[in-house]
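Novice: predicted model follows, preceded by the sequence.
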Amino acid sequence: MREIGIGIIGTGFMGTAHALALATAARLFDLPARPRFEMVVDPDPARAETLARRFGFARHHTDWRALVEDPAVDLVSVTTPNHLHAPMSLAAIAAGKAVWCEKPLAPTTREAVAMARAAEEAGVATAVGFNYLKNPLVRFARELLAAGEIGEIWSFRGIHAEDYMADPELPWSWRLDPVAGGGVVADLGSHIVAMARFLVGEIAEVNGDLSTVVRERPRAPGAAERVPVEVDDVARALLRFSSGAGGSIEASWVAAGRKMHLAFEVTGSRGALRLDMERLNELHLFVRGGPAGREGFVEIPAGPDHPDYAAFCPAPGHQIGFNDMKAIEARYVVEAVAGGRPFTPDFGEAAAVQAVIDAIRLSAREGGWRRPAELLYEAGGSP
């Protein structure tokens, strides 16, 4: 069987998730190629050595350029802070390697478009880690919408709210850097934007509002010195889709008590469907026309009749989780690298997501409705 040499840059939560996903996918799915763990990179040599040992990487290093230049590496996973995605991915593309990059793709639409164009010109496969799109019930929801199960789509309401920055005494981190992190509109907003596009289609216009509610934080753990926060904690936007549907989205990392509240509700002329990732194995569907007094949402539990679920369990109701969705994502990454169907979302689609994020920022700063397609065009992409 063909093998694909794997190189992972970064050993944090997502670097570990990528390694686990690839190892799991190789055992659960009939892949066209076998992942071969070649190199892992982290500036901290101890962290690099630990991940290499745990997953059986042949080598570990502290310089990401060594990984990109290694001829044994075919697929580069980029799991670093956001501002490093572009230079690392572009170097990998220039070396002829496929790239699996975490979201958001880049700090700006211009950088994201440059990455997408470079990959297209080089003819290499790309993938971006919007792993919630790989939830079997999200993909089933998309099938229902495409089949007209709830009629003409009228509206989308989405939110991604967590509380990992809700404590005002949490110290400043790279996520609070305007470039390296980009605020919650980039960190969590990109997920709900990707979800809206996946389910309903292109977003034609946005009207955004950004808020910073924790205005300063300790410079370091326990430090008396405090530094200003220059990014948003809460993001909101009204949406107009190209289809004519309307919508709204919200993102917050200061939502007390919320751990993984990525949720959506799509309403149509005949019904509605909704899902919340805090209960990611339950899709709720309502179709108008039931007996009087009995109309309401019906719960659909995840099961083997839904995309990719059967690889984990032959019976419904037995639950999958975050790392399982990442393993499903890894399956399609490997298939794309091996020459199968292109992965979605690739760099081009992720650049379109970034254009929506930047349009929300522009609207919040200057007011009015903004068109993401215009930002894409100005950045050198296709409107």
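Specialist: Everything's here; your move.

Novice: any idea which element residue 192 lies in?
Specialist: helix 189-200 (DSSP states H and E).

Novice: now do the next helix or strand after that helix against helix 189-200, angle only.
Specialist: Proceeding N to C from helix 189-200, the next assigned helix or strand is strand 203-211, under DSSP H and E. Put simply, strand 203-211 runs at 150 degrees to helix 189-200, going by axes from the mean of the first three to the mean of the last three CA atoms, to 10 degrees.

Novice: contact partners of strand 203-211?
Specialist: If you take CB atoms under 8 Å, 6 or more residues apart in numbering as the criterion, strand 203-211 is touched by 183, 185, 193, 196-197, 232-242, 356, 359-364, 368-373. (Each C-beta comes from the backbone N, C-alpha and C, glycine too.)

Novice: kindly recompute the last result at 7 Å.
Specialist: Contacts of strand 203-211 with the rest of the structure, by CB atoms under 7 Å, 6 or more residues apart in numbering, involve 185, 196-197, 232-242, 356, 359-361, 363-364, 369-372.

Novice: what helix or strand does the nearest residue to residue 54 once chain neighbours are set aside sit in?
Specialist: Of all residues not flanking residue 54 in the chain, residue 19 sits nearest, at 7.7 Å (CB to CB, 6 or more residues apart in numbering). Residue 19 is part of helix 13-28, with elements assigned from DSSP H and E.

Novice: report all helices and strands that that helix contacts.
Specialist: strand 3-9, strand 34-41, helix 45-55, helix 322-337 (3 or more CB pairs under 7 Å, 6 or more residues apart in numbering; DSSP states H and E).

Novice: can you lay out these as a markdown table showing mean neighbour count, mean pLDDT and distance to residue 352?
Specialist: Output for the helices and strands packed on helix 13-28, formatted as a markdown table (neighbours: other CB atoms under 10 Å; pLDDT from 0 to 100; distance: least, CB to CB, whole Å):
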| stretch | mean neighbour count | mean pLDDT | distance to residue 352 |
| --- | --- | --- | --- |
| strand 3-9 | 23 | 99 | 24 |
| strand 34-41 | 22 | 99 | 28 |
| helix 45-55 | 16 | 98 | 32 |
| helix 322-337 | 23 | 98 | 18 |
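
Novice: residue 304: which of the ones you listed is closest?
Specialist: Closest approach to residue 304 among those is made by helix 322-337 (13.5 Å; CB to CB).

Novice: starting at the chain centroid, how far to the host helix or strand of residue 117?
Specialist: Take DSSP H and E as the rule and residue 117 turns out to sit in helix 109-122. Centroid separation between helix 109-122 and its chain, computed with CA atoms, centre = their mean, to the nearest Å, is 18 Å.

Novice: downstream of that helix, the next helix or strand is which one?
Specialist: Remark: after helix 109-122, the chain's next helix or strand is strand 126-128, criterion DSSP H and E.
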